[in-house]
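Student: fold the following.
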Amino acid sequence: MLISLLDRSRTRTGFDDASALRHTVERAVHAEQIGMHRFWVAEHHGVPGIASGAPAVLAAAVASRTSRIRVGSGGVMLPNHQPLVVAEQFLMLESLFPGRIDLGVGRSLGFTEPVRAALRRDRETPDSFEADIAELRSYLDGAAPVTARPAAAPPAMFVLATGSGLEVAARAGLPVVLGGPVLQQDDPSALYRKHFRPSTANTEPRVIVSLDVMIAADAAEARRLAIPEAWAMARSRREGEFPALESVADIEASRWTPQTRDRIEATLASTILGTATQVRSRLEELVERTGANEIMASTSTYDRSELFDADAALAQLAGAAG
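Tutor: Below you'll find the model as predicted:
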């Protein structure tokens with residue numbers, strides 16, 4: 001079981017956005033030390049709780065501070081970018097850090113109308129995701145009329161997908177990354193495998209499952225550590241704005257409405273949490289059901305030392321840490 005991390009550069013109350021970016025780099029260094037397979041960073045725009053809007057820039061910072069772990073994007077949202085520019089950015093990363101760069105791409109248009117307007121995106125614009133992927137690959141492979149520079153071997157490419165995106169990834173012969181909420185439904189990987197067409201880089205389907213995973217000494221402690229993210233999700237649905245992570249103590253001292261409590265419980269229900277033994281059992285069942293090749297944890301919590309401990313415990317499940 002390969003284990004990786006997706007870090008969204010979560011902001012924390014009491015810290016500025018720059019701290020969140022430094023925390024991401026520090027977490028990547030730790031992830032390499034404990035033997036994680038990959039470390040990916042995210043793209044979100046105008047979100048108070050997330051500091052990273054430029055994954056290529058942050059990936060460069062992460063790769064410069066590490067030496068072995070694969071580094072990539074989870075993901076670059078193609079509707080927001082010209083494929084040539086994305087190709088140039090990731091060919092540059094691949095040239096600087098050869099053999100370690102992953103390019104994960106997605107299709108999100110942004111969470112709010114003001115963000116979509118700032119990105120010059122419109123929900124009514126025809127979907128060009130599949131065509132954008134094909135164009136991007138042509139630049140990476142050196143097959144386009146325009147030669148993307150620097151000339152380098154193409155980085156590994158992945159598609160973050162739900163719904164019709166699964167078939168896009170399958171037809172392109174690319175690995176797919178499935179998000180946790182999707183896995184509450186019927187196994188979506190079956191659709192991907194059914195339509196998969198082998199490509200030069202990927203002769204067989206490859207599935208990465210991304211979801212929140214939290215390990216602690218006991219189930220109650222794991223649940224406690226998962227509360228800050230669940231609380232932020234509940235607040236975002238109530239207030240329309242995704243906030244910074246708060247400490248567990250502050251959250252416990254806050255007033256929980258019945259609706260907030262229900263939303264927190266729903267988020268916790270989609271998180272794999274518990275002791276190492278409990279989490280291993282649930283991950284093994286998930287891998288067996290989906291045929292996943294890799295687990296990518298997107299976990300976060302307020303206390304960074306506790307987060308690092310949880311990461312180390314997760315890495316040990318894969319036999320990655322001594």
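Student: helices of this structure, residue ranges please.
Tutor: 17-33, 55-65, 83-96, 113-118, 129-140, 164-172, 189-195, 219-239, 248-252, 258-269, 276-290, 304-317 (DSSP state H).
Student: what's the third one packed up against?
Tutor: Counting contacts by 3 or more C-beta pairs under 8 Å, 6 or more residues apart in numbering; DSSP states H and E, helix 83-96 packs against helix 55-65, strand 70-77, strand 101-106, helix 129-140. In this view, the C-beta of every residue, glycine as well, is placed from N, C-alpha and C.
Student: which ones are touching the residue nearest to Arg121 when sequence neighbours are not counted?
Tutor: Distances taken as C-beta to C-beta, 6 or more residues apart in numbering put Leu109 closest to Arg121, at 4.8 Å, once the chain neighbours are dropped. Shown in contact with Leu109 (C-beta atoms under 8 Å, 6 or more residues apart in numbering): 77, 79-80, 116, 119, 121, 123.
Student: just the buried subset of those residues, please.
Tutor: Buried by 16 or more other C-beta atoms under 10 Å: 77, 79-80, 116, 119, 121, out of those.
Student: pull the number of nearby residues for Arg8.
Tutor: For Arg8, the number of neighbouring residues by other C-beta atoms under 10 Å comes to 21.
Student: same thing with Thr290?
Tutor: Using other C-beta under 10 Å, Thr290 is surrounded by 18 other residues.
Student: what does the one 3 residues further on give?
Tutor: Per other C-beta under 10 Å, the neighbour tally for Asn293 reads 15.
Student: distance of the spatially closest residue to it that is not a sequence neighbour relative to Asp262?
Tutor: Excluding the flanking residues, the one nearest Asn293 by C-beta to C-beta, 6+ apart is Arg206, at 5.2 Å. Applying C-beta to C-beta, to the nearest Å, the value for Arg206 to Asp262 is 36 Å.
Student: the more surrounded of those two?
Tutor: Neighbour count, other C-beta under 10 Å: between Arg206 and Asp262, Arg206 has more, with 20 against 12.
Student: what pLDDT does the residue of the chain most remote from its centre get?
Tutor: Distance from the centre of the chain peaks at Pro145, with 32.1 Å (C-alpha atoms, centre = their mean). On the pLDDT scale, Pro145 is placed at 96.
Student: ramachandran angles for Ser270?
Tutor: Note on Ser270: its backbone torsions stand at phi -90, psi 0 [degrees, to the nearest 10].
Student: what's the burial count for it?
Tutor: So Ser270, with other C-beta under 10 Å, has 15 neighbours.
Student: where does the stretch 1-150 of the chain have low pLDDT?
Tutor: Within the stretch 1-150 of the chain, no range satisfies pLDDT under 70.
Student: if we ignore the residues flanking it in sequence, what's nearest Ala144?
Tutor: Nearest to Ala144 is Ser138, by C-beta to C-beta, 6+ apart, at 4.0 Å.
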